[in-house]
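**Q** Fold the following.
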Amino acid sequence: MSHGKIREDKTCLNCGHQVEERFCPHCGQENIESRHPFYYLFTHFFEDFTHYDGQFWGTMKNLLFKPGRLTKIYLEGKRTQFVPPVKLYIFISFLTFLFISFQIADMNFGLQGADNEKSLKKEIQKAVSENDTIRKDIPESRDITIGISSEDGAPSKLSDTKTRDTIKTNRNGIDLKEVFKSKSITQSFGLQSMEDFDKKEEKNGNKYETIRPFVAKVFELEERGHSPREIVDLFIRSSIQNLPKALFIYLPLFAFLLWIFHSKKKWWYFDHGVFTLHYFSFLLLLTLLIFVVNKLLSYFDENTFVIVMKILFISAAVIYSGCYFFIAHYRTYRTHPALTILIGAILFIINYVLFLFLLIGLGVVSFLLMH
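**A** Numbers count the residues shown, from 1 in each chain. Okay, the predicted model is just below:
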């Protein structure tokens, strides 16, 4: 219930009718003061989801643990008991997108913070490649000052206290043996530059012209000092970041596939849209919970127990999301169990493949636009 102060004037500001209690009997507007503190813009948004006898929390409980119940009740016409499907989806999508954005921003900040280390690796590797006698001439337990400043403004030093094969910086502890062993993604495909790619394309009749921007982006990231693993991580993160967008784009197609596989006389496209909104709201909420749990576990030391807990939770969430679809489908459409399994399996496979392509496609676009 809103905590706004009730106006002394009993005339509704919206329609001009007399308001005896809190709400206008003619238009339903709440007769409270129209001037509020700035924070009211945000608190009022959340109040809309938590008022009316726990409407929001009842919706969350049914959405998570009672597949199909919200859709069934809504289609029966009982629409004031729970949060409406569109409003529910927008709210959960907002929270999920916001949390994922913060997570991705935090990851990107970590990568930017490591740029100095990558530049240092690159400069040292270049120096060693130009003069392969550097490591041979380094005396035991000697510090060599290089012209790269550390965070406190003092020059960084390279030391070799145990072996001439290992040089480490005082600040970052970089093992150059790993730098020399590293192999880029493009080199593993026999490419040294984009000119090599273009020459091979000419010989192959431009078979892979569509992936040229992707290859160019990989070259760009390698030039900036990113390792193959980091490049793969960047692509995965860009795909994860687009998950809420992909779900929103895929909404009408998911409902359309449901419409194709069910009776057109009994079920309208609207009905399938309600089912889709509830199911996608569940997927977003489950995704949000996975990210929150993963974030909480990241505060603990990375030991076997924490890793096992992450794997178990994610595996359980994936299995539950699949089972949830079949249960929700059966409770909503009331088809024969065998037919539910058959139609559900076909829809699940089709949607999984199409959605995966959409998610990867958006991930590629975001990857290419990455600065």
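**Q** Helices of the protein, residue ranges please.
**A** 40-65, 69-75, 85-113, 115-130, 134-137, 176-181, 185-188, 194-203, 212-223, 228-241, 243-260, 269-297, 304-333, 337-368 (DSSP state H).
**Q** would you list those helices in CSV and tack on mean neighbour count and distance to F23?
**A** In short, each C-beta sits where N, CA and C put it, glycine included. Shown next, in CSV, are these (neighbours: other Cβ atoms under 10 Å; distance: least, Cβ to Cβ, whole Å):
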stretch, mean neighbour count, distance to F23
helix 40-65, 14, 12
helix 69-75, 20, 23
helix 85-113, 15, 19
helix 115-130, 14, 57
helix 134-137, 12, 80
helix 176-181, 13, 68
helix 185-188, 15, 63
helix 194-203, 13, 66
helix 212-223, 16, 56
helix 228-241, 17, 42
helix 243-260, 17, 33
helix 269-297, 19, 27
helix 304-333, 15, 33
helix 337-368, 15, 42
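**Q** Tabulate the ones you listed (CSV), appending distance to T11 and mean pLDDT.
**A** Listed next are those as CSV, based on distance: least, Cβ to Cβ, whole Å; pLDDT from 0 to 100:
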stretch, distance to T11, mean pLDDT
helix 40-65, 22, 72
helix 69-75, 35, 94
helix 85-113, 29, 75
helix 115-130, 63, 54
helix 134-137, 86, 50
helix 176-181, 76, 40
helix 185-188, 70, 66
helix 194-203, 72, 79
helix 212-223, 63, 81
helix 228-241, 49, 76
helix 243-260, 42, 89
helix 269-297, 38, 92
helix 304-333, 45, 90
helix 337-368, 51, 87
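**Q** of all these, which lies closest to N31?
**A** Of all the helices of the chain, it is helix 40-65 that lies closest to N31, at 15.2 Å by Cβ to Cβ.
**Q** ok, K72 to L88 distance?
**A** 15 Å (Cβ to Cβ, to the nearest Å).
**Q** ugh, typo on my part, it should be K266
**A** 25 Å.
**Q** Turn the helices of the chain into CSV, including distance to V19.
**A** Below are these laid out as CSV (distance: least, Cβ to Cβ, whole Å):
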stretch, distance to V19
helix 40-65, 18
helix 69-75, 30
helix 85-113, 25
helix 115-130, 61
helix 134-137, 85
helix 176-181, 73
helix 185-188, 68
helix 194-203, 71
helix 212-223, 61
helix 228-241, 47
helix 243-260, 39
helix 269-297, 34
helix 304-333, 40
helix 337-368, 49
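**Q** what about those, which gets the closest to K5?
**A** Here helix 40-65 is closest among these (Cβ to Cβ), at 11.1 Å.
**Q** Quick check: closest non-adjacent residue to C27.
**A** C15 (4.5 Å; Cβ to Cβ, 6 or more residues apart in numbering).
**Q** what's near enough to touch that neighbour?
**A** Neighbouring residues of C15 by Cβ atoms under 8 Å, 6 or more residues apart in numbering: C24, H26, C27, Q29.
**Q** Could you report the neighbour count for the first one?
**A** Taking other Cβ atoms under 10 Å as the criterion, the count of residues near C24 is 21.
**Q** pretty sure it is touching N14, no?
**A** Yes - contact status for C24 versus N14: in contact at 6.7 Å, counting by Cβ atoms under 8 Å.
**Q** and the two most separated of the contacts of C15?
**A** Farthest pair in the contacts of C15, by Cβ to Cβ: H26 and Q29, 8.8 Å.
**Q** Mutual contacts of those two, please.
**A** In contact with both H26 and Q29: C12, C15, using Cβ under 8 Å, 6+ apart.
**Q** hmm, back to that, can you report phi and psi for the residue nearest to C27?
**A** Here is the backbone geometry of C15 (degrees, to the nearest 10): phi -120, psi -10.
**Q** any idea how far it lies from G28?
**A** 9 Å.
**Q** How about L297?
**A** For L297 relative to G28 (Cβ to Cβ), the value is 46 Å.
**Q** ok, back up a step: return the members of the contacts of C15 classed as buried.
**A** C24 (16 or more other Cβ atoms under 10 Å).
**Q** need the contact list for the closest residue to I236 other than its chain neighbours.
**A** For I236, ignoring the flanking residues on the chain, the nearest one in space by Cβ to Cβ, 6+ apart is G363 at 7.8 Å. For G363, the contact set (Cβ under 8 Å, 6+ apart) comprises F235, I236, S238, S239, N242.
**Q** can you rerun that using 7 Å?
**A** F235, S238, S239, N242 (Cβ atoms under 7 Å, 6 or more residues apart in numbering).
**Q** The first one and F367 touch, don't they?
**A** Yes - in this structure, F235 is within contact of F367 by Cβ atoms under 7 Å, at 5.1 Å.
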